[in-house]
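Visitor: no letters, just coordinates:
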């Protein structure tokens, strides 16, 4: 059956449009963002965090969904190489560093490549956002299937997704992804203080993987 939308590869010149979409439909909805008041009327966006999260948008594997010329979803993806070094980041932006340090902690402790020692490459999608008016239509599912196909074409052994949202985790479970790591937010502390006091049902960060055959 013909879909009412098209899924296309994001192009380098579309960066501004992708960031604007992410500001509206991703940043305000992420549980760890809201728990530290990342986006407020006084702070409508966080440029250092946006630049970090959007890395790989022009890698040739990031996708967008378009209906009648309107951008309705994005999926930022890129390739991971085994033993790849973490990007060293320093910033005076406190909110950005809080989230960066957390994401780095989760990435280092989940050991995704350890689950697949035979694999040297993986594909990941840290950003998936759908316009509210188009949610529930299977767009996210279609984009994930497309990313898995791309991963196979790029000779990736598996796909890995780090989730801060309970709803993202549920969506991955429906696609037969397996949870390999779970970190309750109450257990992540800095200077003995809980960093992210999220609201239920967003109680933990999780990492899901799926073997690409």
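Guide: Nice, I can see it. None of these values were measured; they are calculated from a predicted model.
Visitor: list the contacts of the longest helix seen in the chain.
Guide: What stands out as the longest helix in the chain, according to DSSP state H, is helix 94-110. Residues from elsewhere that reach helix 94-110 (C-beta atoms under 8 Å, 6 or more residues apart in numbering): 32-33, 36, 38, 43, 46, 48-49, 52, 86, 89, 91, 160, 162, 180-181, 183, 188, 190, 195-196, 205, 207. In this view, the C-beta of every residue, glycine as well, is placed from N, C-alpha and C.
Visitor: mind listing the helices for this protein?
Guide: For the chain, the helices defined by DSSP H cover 15-25, 31-35, 47-53, 94-110, 112-115, 139-153, 166-174.
Visitor: for stretch 46-59, buried residues please.
Guide: Neighbour-count burial for stretch 46-59, counted by 16 or more other C-beta atoms under 10 Å, picks out 46, 48-50, 52-54, 56-59.
Visitor: so what's residue 23 up against?
Guide: Going by C-beta under 8 Å, 6+ apart, residue 23 touches 39, 44-45, 50.
Visitor: emit the PyMOL select command for whichever of the residues you listed are buried.
Guide: Applying 16+ other C-beta under 10 Å to the contacts of residue 23, the buried members can be selected in PyMOL as follows:
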select buried, resi 39+50
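Visitor: what would the contacts of residue 23 look like in a markdown table with distance to residue 9 and pLDDT?
Guide: What follows is the contacts of residue 23, written out as a markdown table (distance: C-beta to C-beta, whole Å; pLDDT from 0 to 100):
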| residue | distance to residue 9 | pLDDT |
| --- | --- | --- |
| 39 | 28 | 91 |
| 44 | 29 | 92 |
| 45 | 25 | 94 |
| 50 | 20 | 96 |
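Visitor: quick one: which of the contacts of residue 23 is nearest residue 3?
Guide: Distance to residue 3 across the contacts of residue 23 (C-beta to C-beta) is lowest for residue 50, with 29.0 Å.
Visitor: thinking again about what came up before, flag the least confident of the buried residues of stretch 46-59.
Guide: Lowest model confidence among the buried residues of stretch 46-59 falls on residue 56, which carries 88.
Visitor: any regions of this structure where pLDDT drops low?
Guide: 1 (pLDDT under 70).
Visitor: any idea how far the most centrally placed residue in the chain lies from residue 2?
Guide: Nearest residue to the geometric centre of the chain (C-alpha atoms, centre = their mean): residue 126, 1.8 Å. Using C-beta to C-beta, to the nearest Å, we find residue 126 at a distance of 30 Å from residue 2.
Visitor: now swap in residue 171 and tell me
Guide: With distances taken as C-beta to C-beta, residue 171 is found 24 Å from residue 2.
Visitor: in terms of neighbours, single out the busier of the two.
Guide: Neighbour count, other C-beta atoms under 10 Å: between residue 171 and residue 2, residue 171 has more, with 18 against 4.
Visitor: contacts only, for that one.
Guide: For residue 171, the contacting residues are 140-141, by C-beta under 8 Å, 6+ apart.
Visitor: so how far is residue 189 from it?
Guide: Separation of residue 171 from residue 189 (C-beta to C-beta) stands at 28 Å.
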